[in-house]
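**Student:** Generate a structure from the sequence data that follows.
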Amino acid sequence: MNLRQLEIFRAIMHCRTTVAAAEDLGVSQSAVSNALKHMETRLGFRLFERGGNGLVPTEEARILIETAEPLFLQLNAVKQRAQDLRAGIAGRLRIVSTAELSTAVVPAAVSAFLSQRGEVRIGIETESLGNVLEMVENGVADVGFAMEAPQRNGLSLRKLAKVRAVCLCQADHPIAQLDEVTPQDLADVPLVGPQPTSRIGFLVENKFRDAGVPYAPVVEVRFLNTAALVAEQGFGVGLIDEFSAGFWPSRQVKVLPFVPPVSLTLSAVVPDNRAVAPLADALIDVFEAEIATRLSGSVPTPD
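**Tutor:** Modelled structure (predicted):
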């Protein structure tokens, strides 16, 4: 007996007439009757006897249905899992982000995402910006998150928010007495900032150049949360992003606006040449909501 024959057999067992079984299965009564005759011929014994109110299962039929029922439980489980996958509440999701976001945003976003999707399994990777783009492009990751990601063939950037560059220093540092920090204020201060060769470093360096001040960080970092760590330990001033600053709510540090403003675009990176997984779409929505929550309590915008 194949699976379709078992479905017909089970429907007749439940309904006790071929007419009702046909209605339940959405097929004709003749199709059910012919299938039943075929099954009985192949099996070599009767499955039902005629009774006053319909079909009466034989002992052989009762034994068969007990054996077959676990198969239908498994089939229902498969159907339910397929529905969950389609609805985005089950499956596996692979995400990759730069270190700033892996530290400050990804943990909270993933936690909120999984609280409604207990069957989802997530893999998280932390990589450089170039590797984030490459992993999404090659299908190693389903979605990436990064700041100042460049446009690239095969990838689509979904802009989620604009964040600003800020300065972080210990609360007793002279810079901490200012309302806002300019390149001139940092001219003679040990600076911890992004590598000049990076996209964010290029934006920062342009602001320093416009102000007539050399951009020469004593400590150059690839990831801005590293700059926050160094400054938090008491060395110089860290030039970082709002998210990395917000991860250090310590009373021992102070976060100040940097002017003129440096605006950094935070984007979700998804493939442009294949469908985005429903789970990835759902995570992007949660990620965007988490960003909005973080930014609502961020550093005041300078006048």
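**Student:** where do the strands sit along the stretch 51-200 of the chain?
**Tutor:** In the stretch 51-200 of the chain, strands defined by DSSP state E, counting those that start in this stretch lie at 54-57, 90-97, 119-126, 143-147, 155-170, 191-194, listed in chain order.
**Student:** Using PDB, list the CA coordinates for the helix or strand hosting E7.
**Tutor:** Element membership for E7, per DSSP states H and E: helix 3-15. What follows is helix 3-15 as a C-alpha-only set of coordinates in PDB (Å, rounded to 0.1, in the frame of the first residue of the first chain):
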ATOM      1  CA  LEU A   3       0.800   6.600   1.000                       C
ATOM      2  CA  ARG A   4      -2.200   7.700  -1.000                       C
ATOM      3  CA  GLN A   5      -3.900   4.300  -0.600                       C
ATOM      4  CA  LEU A   6      -3.200   4.600   3.200                       C
ATOM      5  CA  GLU A   7      -4.800   8.000   3.200                       C
ATOM      6  CA  ILE A   8      -7.900   6.600   1.600                       C
ATOM      7  CA  PHE A   9      -8.000   3.700   3.900                       C
ATOM      8  CA  ARG A  10      -7.700   5.900   6.900                       C
ATOM      9  CA  ALA A  11     -10.400   8.200   5.700                       C
ATOM     10  CA  ILE A  12     -12.800   5.200   5.200                       C
ATOM     11  CA  MET A  13     -11.900   4.000   8.700                       C
ATOM     12  CA  HIS A  14     -12.800   7.400  10.200                       C
ATOM     13  CA  CYS A  15     -15.900   8.100   8.000                       C
END
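**Student:** That one - contacts with which helices or strands?
**Tutor:** Judged by 3 or more C-beta pairs under 8 Å, 6 or more residues apart in numbering; DSSP states H and E, helix 3-15 is in contact with helix 18-25, helix 29-43, helix 59-87. No exception for glycine: its C-beta is placed from N, CA and C like everyone else's.
**Student:** what pLDDT, on average, does the last one get?
**Tutor:** Taken as a whole, helix 59-87 carries a mean pLDDT of 76.
**Student:** For the nearest residue to G144 once chain neighbours are set aside, list each beta-bridge partner.
**Tutor:** Nearest non-adjacent residue to G144, counting by C-beta to C-beta, 6 or more residues apart in numbering: V269, 3.7 Å away. Beta-bridge pairing for V269 (DSSP bridges): G144, L157.
**Student:** got a list of what V269 touches?
**Tutor:** V132, L133, V136, V143, G144, F145, A146, A149, L155, S156, L157, R158 (C-beta atoms under 8 Å, 6 or more residues apart in numbering).
**Student:** returning to that earlier point: mean neighbour count added to the strands of the stretch 51-200 of the chain, as TSV?
**Tutor:** Converted to TSV, those look like this (neighbours: other C-beta atoms under 10 Å):
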stretch	mean neighbour count
strand 54-57	16
strand 90-97	22
strand 119-126	15
strand 143-147	26
strand 155-170	21
strand 191-194	27
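**Student:** want to throw those into CSV with distance to N2?
**Tutor:** Converted to CSV, the strands of the stretch 51-200 of the chain look like this (distance: least, C-beta to C-beta, whole Å):
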stretch, distance to N2
strand 54-57, 20
strand 90-97, 28
strand 119-126, 30
strand 143-147, 41
strand 155-170, 44
strand 191-194, 64
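**Student:** Quickly, which of those strands bottoms out on average pLDDT?
**Tutor:** Among the strands of the stretch 51-200 of the chain, strand 90-97 carries the lowest mean pLDDT, a mean of 84.
**Student:** quick one, that one and strand 119-126 angle?
**Tutor:** 10 degrees (axes from the mean of the first three to the mean of the last three C-alpha atoms, to 10 degrees).
**Student:** Setting aside sequence neighbours, what's the nearest residue to T18?
**Tutor:** In space, T18 comes closest to V32 once its chain neighbours are excluded; the distance is 4.5 Å by C-beta to C-beta, 6+ apart.
**Student:** now that neighbour: how far from S111?
**Tutor:** V32 sits 51 Å away from S111, going by C-beta to C-beta, to the nearest Å.
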